[in-house]
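Trainee: pasting the sequence and the predicted model now:
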Amino acid sequence: MNKIIIIVGIVIVIGVIVFLNMRGSSTDNPSPTTSPTPTASASTSTSPSASVSASPTVSGTPVTKLKIETLIAGKGVGAKTGDTLSVLYKGMLLDGTVFDESAKHNNLPFEFKLGAGSVIAGWDQGLVGIKVGEKRRLTIPSDLGYGANGVPGTIIGPNATLVFEVTLQKINPPSPTPTATPKP
């Protein structure tokens, strides 16, 4: 079951990247986008002002291990596996070329369940412990990104090292699992 969820997640991510790449190449007639419906919940959050930087400096050589840098400290309890995170992000290649970012999606936060395999492994590993308002730079080796295949039809080539700047907006802890009450 987990393999199916992971495969479906990968297919969705690749589809979104291909769609955005194709849509981004048509600047003469931009197509309208739909916005995800905001959800209300009791959670820890921060204002959108703590967003990703406009023009980050990215350079270097491919890495073999995940590199995590805290650019802005956050507050509160760190995110744990199973929490649903709401983040703003910018994804880049090592040369600084942006391949995806929240700004392309009306600056709406991206939500995902940490550790569920619905995002690349570099995010599942690199965002554990992040706090609300914290901004991290993740330099992700290809084996924790898209691997030897890259993302065909996009600028993410085989064995690409990826760099993400991620700002945590909100943490939604998992709902408590009800326990059965024994009958007398």
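Mentor: The structure has been received and is ready for your questions.
Trainee: what sits opposite Val132 in the beta ladder?
Mentor: Per DSSP bridges, the residues bridged to Val132 are Lys75.
Trainee: tally of neighbours for it?
Mentor: By other CB atoms under 10 Å, the residues close to Val132 number 22. To be clear about C-beta, it is placed using only N, CA and C from the backbone, and glycine gets the same treatment.
Trainee: and it, how far from Ala79?
Mentor: 9 Å (CB to CB, to the nearest Å).
Trainee: surely Ser86 meets Lys170?
Mentor: Yes: counting by CB atoms under 8 Å, Lys170 is a contact partner of Ser86 at 3.9 Å.
Trainee: who has more neighbours, those two?
Mentor: Ser86 (22 against 19).
Trainee: the more buried one is in what secondary structure piece?
Mentor: Element membership for Ser86 (DSSP states H and E) is strand 84-93.
Trainee: for that strand, give me every contacting residue.
Mentor: Residues outside strand 84-93 that contact it (CB atoms under 8 Å, 6 or more residues apart in numbering): 45, 48, 51-53, 56, 58, 79, 98-103, 107, 109-114, 127, 130, 155-156, 160-172, 174.
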